[in-house]
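In: coords please:
(chains A and B)
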There are 2 protein chains.
Amino acid sequence: MPLVPAMMSLSALVAARDNGHATPELMVKLARDAIARRDGEIHAFTHVAEFPTIVADAPLSGIAIGVKDVFDTFDQPTAYGSEAWRGHRPEVDAAIVALARRRGATMIGKTVTTEYAFFEPGPTVNPHNPAHTPGGSSSGSAAAVAAGMIPAAIGTQTGGSIIRPAAFCGIAGYKPSYRLLPAFGMKHFAPTLDTVGLYAASIADVALFAELLTGRDLAASPVEASQATIGIYFCAELDTADAPMRDALERAAEAAVAAGFKVVAVAELDPLVTARAAHTTIQDFECGLVCGPDLARFEGLLSARLTATILSGQDISPADYDRARRAAKRGRKATANIFDTVDVLLTPSAPGAAPLGLASTGDPRFNKLWTLMGTPAVNIPGFSDADGMPLGIQAVARFGQDKALLSIASALQTAVAATI
Amino acid sequence: MPLVPAMMSLSALVAARDNGHATPELMVKLARDAIARRDGEIHAFTHVAEFPTIVADAPLSGIAIGVKDVFDTFDQPTAYGSEAWRGHRPEVDAAIVALARRRGATMIGKTVTTEYAFFEPGPTVNPHNPAHTPGGSSSGSAAAVAAGMIPAAIGTQTGGSIIRPAAFCGIAGYKPSYRLLPAFGMKHFAPTLDTVGLYAASIADVALFAELLTGRDLAASPVEASQATIGIYFCAELDTADAPMRDALERAAEAAVAAGFKVVAVAELDPLVTARAAHTTIQDFECGLVCGPDLARFEGLLSARLTATILSGQDISPADYDRARRAAKRGRKATANIFDTVDVLLTPSAPGAAPLGLASTGDPRFNKLWTLMGTPAVNIPGFSDADGMPLGIQAVARFGQDKALLSIASALQTAVAATI
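Out: As a prediction, the model looks like this:
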């Protein structure tokens, strides 16, 4: 049952384009045809552009990207996964969308998000088994890449919404350092956490996408493994990961050793336990402020869970919020201390593989700390459980060390693949 | 020529309401009548609500506020001071607007902003002399309070757009610590700088407004002057202030001494000179990202100056932006060091009084450093030049020390008034 055909490699497409072996028009046509063939099963898109603009001679020329439907697009409907906004047509693009257009990308369509990028799921299924969730909230962006429909997609993470769907769908998902990509023009949920991230087939692909999109030096470079230290992170949540996931983490550590990295165990520091617990207070307080205007206007059109979260957020006192923010600040200091001794931490991307059913998009317990810390993180694909469902290992680095993270994680992806 | 009648004191209105001497309906009617009488001359409002909602039994019941027209309002047109957005009707309120409504405030109208809260001026005149600018970009919010039309207003500051109009109009303008008030749902210009701020007649009034709006303990409290140290800030720009402004700073220092504060001179540290210079790079780079979508859609409808700033921002390299951000970070550390030895810094709010004419809204050179530092700042009114035009002294405190700042600045306002 090969529901998952070969994925489109952004690096391969760019190389073919630059060598004159493929025109931007052909590259976009490949994506359109793949969407036409597969999205009837996957339901990754909320809208596909009928006459997408194709730009010549730009860094992302010919790259068809899917954009999570929490980002405003002036030429495609934008509904934030919500009945309340069905048919909404923003006047202008979100900043990241306009940036992608300026760099030559083709906005091939909008992808399914949970309601307001929170928990209420959309119709997207997991390309590896349609009975399973693709994860959330960037469900459609991850599934569209995993199903080989597009080479790259844009999503967001407030808890675990980039890394978790990447892990469940077996692709590379990259959550950059906070603010490396502009979030303005997205439907905010908790603005100090809301982080724009990227998807592609492999880590090398997603790193190249980040470089071509931003003009920053982010492409994965060769790594001198003996000069880098990998920490296996024994966080407080690790016992709650299931056995296949703990095995995957062990395999990742073995692959790192085999590749010549120095590998050490890293214990969790108390300030990070406290910071993780502070995430919900910060998220809900900000949600109460930011989504409060929507509840005031659209009561009855928001889900019960979103409504309850907005209301409970409005009940959190400023003093409790400030306390949580101070805990986050102490956590960032402790995080910086950890990265004085290791270059990259490895930790599960999720408690296990994608849960059965579409009612839940899974659990962000392994992600929300790193969202709050603002550190770059990337899902290393290439692991799977006994049923062949993908498992992902999350690599995390110091704030601002995005290129080092992507380079080391790419080397690890190669090393893991070599052990199979 | 008494163009400036008595201002409305928010504290007095709240006391009258709580003592049963004024109903919320009467309080709102006073504002409506004042607007009807005066705004034909002042041009502070872009829109006045015909049937404003009045809420009983809430902290801000009966307080009619003006909201700078960079904030979305679902029930009043929102044009961001731009031809491009004329007649725009947002679906939902900005977060600060929804918060103010939940606290019982009456949205009496939208106030004039420069285009996108940048430099292209609107029609508002200075209530103290209509031949002079009221300052910008929060022109209408400051002028409406100064002209006695409303007791409180909301504005924003990216360079000097809260403090400068407050100084030019002779009122209290309070720029809180970064993110104390939510900015989401405003027309962003440079999101890491865009700061929501408040206006009222006196510092005690604006502090009470902040407390009633947020539920935070921010009202000005009595100060033990002998326990507080005031630093007179000899920043690099001080020589560029005009003579009346330098005199005002001297008078503020004398008043502080007379009130029993310890007063010291504080020299500017090099990292702060560098940080001030970094402001423009950060602002313009972010403007290129955030306003880029507007330029792509509305070319020809944006002013030449705004267009040029967006384009030049898009030409700034990520490396230059990152360098500027690092300079800001070093500046914040140096700022924290300064506040180890003083509680409050005093520095001009502007180079002088409001310039003649409406073509320029004045110069933010004394403000943009503190916007970038994220420190709370407040304009102390009560000074004037030989022509009777207001001058303002800016008080600045450590990040998060908003209540101490407002309390000390309120004591200084009283002390300055006592010296006249």
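In: residue ranges of the helices in chain A, please?
Out: Along chain A, the segments classed as helices by DSSP state H run A:10-18, A:24-42, A:95-102, A:139-146, A:163-169, A:203-214, A:243-258, A:270-290, A:292-298, A:304-315, A:318-338, A:368-373, A:402-419.
In: Get me the contact residues on the stretch 1-150 of chain A for chain B.
Out: Counting by Cβ under 8 Å from any Cβ of the partner chain, the stretch 1-150 of chain A comes close to chain B at A:72, A:74, A:85, A:88, A:91-95, A:97-99, A:101-102. Backbone N, C-alpha and C define where each C-beta goes, glycine included.
In: And the residues you listed, which of them are buried?
Out: Buried subset of those (neighbour count, 16 or more other Cβ atoms under 10 Å in any protein chain shown): A:72, A:74, A:85, A:92-95, A:97-99, A:101-102.
In: hmm, back to that, which one of the residues of the stretch 1-150 of chain A next to chain B is nearest residue B:218?
Out: residue A:95 (32.3 Å; Cβ to Cβ).
In: Can you tell me, leaving aside adjacent residues, what's nearest to that closest one?
Out: Spatially, and ignoring its direct neighbours in sequence, residue A:95 is nearest to residue A:182 (3.9 Å; Cβ to Cβ, 6 or more residues apart in numbering or on different chains).
In: who's in contact with the one you found?
Out: Listed by Cβ atoms under 8 Å, 6 or more residues apart in numbering or on different chains, the contact set of residue A:182 reads A:94-96, A:99, A:196, B:191, B:286, B:289-290.
In: Which residue ranges make up each domain of chain A?
Out: As assigned by automatic domain parsing, chain A contains the domains A:10-214, A:225-270+A:335-419, A:272-328.
In: Ok, which of these comes nearest residue B:58?
Out: Nearest of the domains of chain A (Cβ to Cβ): domain A:272-328, 13.6 Å.
In: So the closest one, near chain B or not?
Out: Yes - under the criterion of Cβ under 8 Å from any Cβ, chain B is reached by domain A:272-328 at A:286, A:289-290, A:292-294, A:296-298, A:314, A:317-318.
In: List the contacts of the residue nearest to the spatial centre of chain A.
Out: The centroid of chain A falls nearest to residue A:162 when counting by Cα atoms, centre = their mean (1.8 Å). Applying Cβ under 8 Å, 6+ apart to residue A:162 gives the contacts A:138, A:155-156, A:173-175, A:195, A:197-199, A:377, A:379.
In: how about a cut-off of 7 Å?
Out: A:138, A:155-156, A:173, A:175, A:197 (Cβ atoms under 7 Å, 6 or more residues apart in numbering or on different chains).
In: how near is the residue of the stretch 201-350 of chain A found nearest chain B to residue B:320?
Out: Nearest residue of the stretch 201-350 of chain A to chain B, counting by Cβ to the nearest Cβ: residue A:293, 3.9 Å away. As judged by Cβ to Cβ, to the nearest Å, residue A:293 and residue B:320 stand 36 Å apart.
In: and the end-to-end length of stretch A:88-98?
Out: 18 Å (Cα to Cα, to the nearest Å).
In: now that stretch: mean pLDDT?
Out: For stretch A:88-98, the mean per-residue pLDDT is 98.
In: Likewise for stretch A:11-21?
Out: 98.
In: Buried residues, it. List them.
Out: A:11, A:13-14, A:16-17.
In: Tell me the one among those residues nearest to residue A:268.
Out: Of all the buried residues of stretch A:11-21, residue A:11 has the smallest distance to residue A:268: 35.4 Å, by Cβ to Cβ.
In: Residue A:204 is in contact with the closest one, correct?
Out: Yes - under the criterion of Cβ atoms under 7 Å, residue A:11 makes contact with residue A:204 at 5.7 Å.
In: before we move on, the earlier item: what pLDDT is listed against the residue nearest to residue A:95?
Out: 97.
In: what does the one 4 residues further on give?
Out: Model confidence at residue A:186, given as pLDDT, is 97.
In: list the contacts for it?
Out: Neighbour list for residue A:186: A:70-71, A:94, A:156, A:194 [criterion: Cβ under 7 Å, 6+ apart].
In: how about a cut-off of 10 Å?
Out: Going by Cβ atoms under 10 Å, 6 or more residues apart in numbering or on different chains, residue A:186 touches A:67-68, A:70-72, A:78, A:80, A:94-97, A:117, A:154, A:156, A:194-196.
In: related to what we said a few turns ago, shared neighbours, residue A:11 and residue A:204?
Out: A:219-220.
In: returning to that earlier point: give me the subset of the contacts of residue A:162 lying in strands.
Out: Per DSSP state E, strands hold the following members of the contacts of residue A:162: A:155-156, A:173, A:175, A:197.
In: For those residues, which single residue is the most surrounded?
Out: Highest neighbour count within the ones in strands among the contacts of residue A:162, by other Cβ atoms under 10 Å in any protein chain shown: residue A:173, with 36 neighbours.
In: got the residues of the stretch 301-420 of chain A near chain B?
Out: The stretch 301-420 of chain A comes close to chain B at residues A:314, A:317-319, A:321-322, A:325-326, A:400, as judged by Cβ under 10 Å from any Cβ of the partner chain.
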